[in-house]
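K.L.:
need coordinates for the following:
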Amino acid sequence: MEAQLDVQNLRAVLTRCGERRLALHRPRSLTPLGFPLWAEAIRGQLSTEDWRTRVARAAQQLERRHARND
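P.N.:
Numbers count the residues shown, from 1 in each chain. From the prediction side, this is the model:
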């Protein structure tokens with residue numbers, strides 16, 4: 001295993017990670033990483049518009065909201 005992984009450096013990184021403080025923040029809206037998860041979650045919901053249209057509309061709304069907040 002040591003031949004495949006740099007175990008000493010991995011141990012050092014994990015130790016440093018364990019010593020750091022974790023700060024959790026609740027975003028006001030969907031984030032770029034959260035958007036695909038949300039889009040996939042609504043895929044099976046019933047609606048009068050198709051999934052692609054709903055996702056595109058939601059993406060445009062988010063982009064407008066974040067452009068105003070910059």
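K.L.:
please count neighbours and contacts with C-alpha atoms only from this point.
P.N.:
Fine.
K.L.:
so where is this protein shaky, pLDDT-wise?
P.N.:
For the chain, the stretches with pLDDT under 70 are 1-2, 46, 70.
K.L.:
quick one: distance of the helix or strand containing residue 65 to the chain centre.
P.N.:
If you go by DSSP states H and E, residue 65 is part of helix 51-69. Relative to the chain's own centre, helix 51-69 is displaced by 16 Å; criterion: C-alpha atoms, centre = their mean, to the nearest Å.
K.L.:
could you give me the buried positions within that helix?
P.N.:
Buried residues in helix 51-69, counted by 16 or more other C-alpha atoms under 10 Å: 51, 54-55, 59, 62.
K.L.:
roughly how far does residue 44 sit from residue 64?
P.N.:
Distance, residue 44 to residue 64, by C-alpha to C-alpha, to the nearest Å: 26 Å.
K.L.:
how about residue 41?
P.N.:
Look at residue 41 and residue 64: by C-alpha to C-alpha, they are 22 Å apart.
K.L.:
can you map out the helices along the protein?
P.N.:
7-19, 34-41, 51-69 (DSSP state H).
K.L.:
can I get these in CSV including distance to residue 26?
P.N.:
Output for these, formatted as CSV (distance: least, C-alpha to C-alpha, whole Å):
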stretch, distance to residue 26
helix 7-19, 21
helix 34-41, 12
helix 51-69, 15
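K.L.:
for residue 28, find the nearest of these.
P.N.:
Evaluated over those, closeness to residue 28 peaks at helix 51-69, with 10.2 Å, by C-alpha to C-alpha.
K.L.:
which residues touch the closest one?
P.N.:
29-30, 39, 42-43 (C-alpha atoms under 8 Å, 6 or more residues apart in numbering).
K.L.:
can I get the buried part of the residues you listed as one PyMOL selection?
P.N.:
To isolate the buried members of these in PyMOL, using 16+ other C-alpha under 10 Å:
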select buried, resi 39
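K.L.:
give me the most central residue, the protein.
P.N.:
residue 33 (2.5 Å; C-alpha atoms, centre = their mean).
K.L.:
quick one: residue 67 from residue 22, how far?
P.N.:
28 Å.
K.L.:
swap in residue 15?
P.N.:
Distance from residue 15 to residue 22, by C-alpha to C-alpha: 14 Å.
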